[in-house]
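Asker: Sequence isn't available, so here's the structure alone:
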């Protein structure tokens, strides 16, 4: 559940595509696809992931100067407060001030992701001290944090909720979930099991960073660090900024409800997150290749090969009415096949590296440092991938 919460805000924001399309539509009805509708997902990715990367980096160097409970409880409390603002904005008619709505939304997104970075850095860092299946559970929870918002969004669409209300109901669910996570953590951190592994039995926190230097920790795990960085950089370069623009080959048939209504929520968001979750579960169960020199080389090579997904998705049927590039993969089956392989490899490689990486260190202090550093390079990859998404969208 705590793993879900690390990605829940981001996934709720990107999954309610119909809500953003409604908010940034042309109120006069003169344009079928506005510039803001095309570019908003890229703006959202940048506003989410660059602050996230910055504050995860700060957490690597300064996080352990603050008590764990202060970081996690404080972050969750502020996240729930910010969601109240998002919910209120969903009830405001912003047709005449779309630019103001855009800037305000992105400002809230920046603050939300600062909180998420503090929470994620703290909770995954401490999970690195636990047995490997705990950080595996945390990473699987992150994938569920994508499936859950996608299912909620599909549900509200199936219930024929108006575009203006989709955001309100989805963000309300997110608000309740964050509050519940706050209550759950407040309970969990009092148990002897948690306090033993987390090292908070005296609730004194960690005044300094013990163990090896950060440089030594990085050298021992650099192949996993590099793999995590490249894996998520490639994924965020095209998901969701490019994939959300892909339309079904049957979109011209108004009687085809799936193609016209459910294609993006199902084929983009739900399919990716289910594949990502499947990959993470497989990594938890199989754990191959092992953490040998050969195994690390195989993982790194596989991650480099994933760069090929960027041009492959760009040649899918994305933004067909306003694109310049030719379309080579115009069949829905082509897109489904790419998305399945893309999502499963993202989850498998990401989770395997997060599980194996901390175990390259021998002490609990160094394991926490590796786990925290993996979170940083993960978010750094997401941030760079998000930044790349904007020029890639404009290359279409």
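Answerer: Perfect, thanks for sending it. Treat the numbers as computed from the prediction; the structure is a model and nothing was measured.
Asker: Helices along the stretch 51-200 of the chain, start to end?
Answerer: For the stretch 51-200 of the chain, helices defined by DSSP state H, counting those that start in this stretch occupy the ranges 68-90, 98-127, 132-158, 163-188, 192-198.
Asker: Return the helix or strand in the protein with minimum mean pLDDT.
Answerer: helix 35-62 (a mean of 83; mean pLDDT, DSSP states H and E).
Asker: which secondary structure elements does it contact?
Answerer: helix 2-15, helix 17-23, helix 98-127, helix 214-238, helix 364-395 (3 or more CB pairs under 8 Å, 6 or more residues apart in numbering; DSSP states H and E). Quick note: C-beta positions are derived from backbone N, CA and C, even for glycine.
Asker: quick check: angle from that helix to helix 364-395?
Answerer: Interaxial angle of helix 35-62 relative to helix 364-395 (axes from the mean of the first three to the mean of the last three CA atoms, to 10 degrees): 160 degrees.
Asker: Work out the gap between helix 35-62 and the centre of the chain.
Answerer: Distance, stretch centre to chain centre, for helix 35-62: 10 Å (CA atoms, centre = their mean, to the nearest Å).
Asker: Next, the buried residues of that helix.
Answerer: Under the neighbour-count criterion of 16 or more other CB atoms under 10 Å, helix 35-62 has 36-57, 59-60 buried.
Asker: Grab the nearest non-local neighbour of residue 24.
Answerer: residue 36 (3.9 Å; CB to CB, 6 or more residues apart in numbering).
Asker: Distance of that neighbour relative to residue 23?
Answerer: From residue 36 over to residue 23 the distance is 9 Å, taken as CB to CB, to the nearest Å.
Asker: Quickly list what's touching both of those two.
Answerer: residue 98 (CB atoms under 8 Å, 6 or more residues apart in numbering).
Asker: Just the pLDDT at the closest residue to residue 53 other than its chain neighbours, thanks.
Answerer: Among residues not flanking residue 53 along the chain, residue 383 sits closest, at 3.5 Å (CB to CB, 6+ apart). At residue 383, the model reports a pLDDT of 80.
Asker: Next: residue 220.
Answerer: At residue 220, pLDDT is 88.
Asker: Would you mind listing the residues in contact with it?
Answerer: 360, 361, 370.
Asker: Can you tell me which of the residues you listed has the most neighbours?
Answerer: Of all those, residue 370 has the most neighbours under the rule other CB atoms under 10 Å, reaching 28 neighbours.
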